[in-house]
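Visitor: coordinates only, no sequence provided:
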């Protein structure tokens with residue numbers, strides 16, 4: 001397994017389908033060891049969710065969208081939020097990705113919880129934003145939130161075929 005370099009990522013972005021599309025500023029988002037995803041939407045979970053041994057019993061929380069102000073900013077009180085990214089990711093069957101919060105968020109008392117982006121996944125993902133700072137946090141729409149790190153697998157897999165395939169496109 002190897003981590004893709006910025007140059008490798010750029011080549012895959014230029015492919016069909018592109019590794020990542022819908023980006024805001026390619027030069028700012030392309031990093032030496034990954035690609036920054038940007039903030040599209042923020043919502044608050046409204047209902048209790050559930051995860052069971054059988055995925056047919058899975059229930060995800062209903063969401064209430066929040067609205068950015070006229071300048072594209074939003075003030076968040078401490079708590080949990082669901083965020084959606086601008087970018088759509090198209091992973092080939094030999095590449096997976098891991099998302100990590102940008103260090104600027106961590107320095108502000110904010111983190112992002114992410115899951116694994118499985119090889120073969122295609123979609124516009126959501127993650128959990130957690131504001132720990134007791135005074136809250138201010139964020140602007142299209143801000144870079146997480147860095148996706150792409151890992152090349154030792155071989156091709158069958159690819160992701162779960163219910164989130166093609167989400168939010």
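Guide: Arrived safely, thanks for sending. Predicted, not measured: the structure shown is a model, and the values here were computed from it.

Visitor: next, count neighbours for the nearest residue to residue 46 once chain neighbours are set aside.
Guide: Nearest in space to residue 46, with sequence neighbours left out and distances taken as Cβ to Cβ, 6 or more residues apart in numbering, is residue 62 at 4.6 Å. The way it works is simple: take the backbone N, C-alpha and C, and place the C-beta from them, glycine included. Residue 62: 12 surrounding residues under other Cβ atoms under 10 Å.

Visitor: next one: residue 62 from residue 76, what distance?
Guide: Residue 62 is 19 Å from residue 76, where distance means Cβ to Cβ, to the nearest Å.

Visitor: just residue 161 next, same as before
Guide: Per Cβ to Cβ, residue 161 is found 34 Å from residue 76.

Visitor: quick one, which of the two is more surrounded?
Guide: residue 76 (19 against 9).

Visitor: who's in contact with residue 132?
Guide: Listed by Cβ atoms under 8 Å, 6 or more residues apart in numbering, the contact set of residue 132 reads 78, 109, 110, 111.

Visitor: show the pLDDT at it.
Guide: Turning to residue 132, the model gives it a pLDDT of 98.

Visitor: and the residue nearest to residue 46, what is it in contact with?
Guide: 45, 46, 47.

Visitor: related to what we said a few turns ago, ranking the contacts of residue 132 by neighbours, who comes first?
Guide: Result: residue 110 is most packed of those (other Cβ under 10 Å), 22 neighbours.

Visitor: okay but it is in contact with residue 129, surely?
Guide: Yes: contact criterion Cβ atoms under 8 Å: residue 110 and residue 129 qualify, at 6.8 Å.
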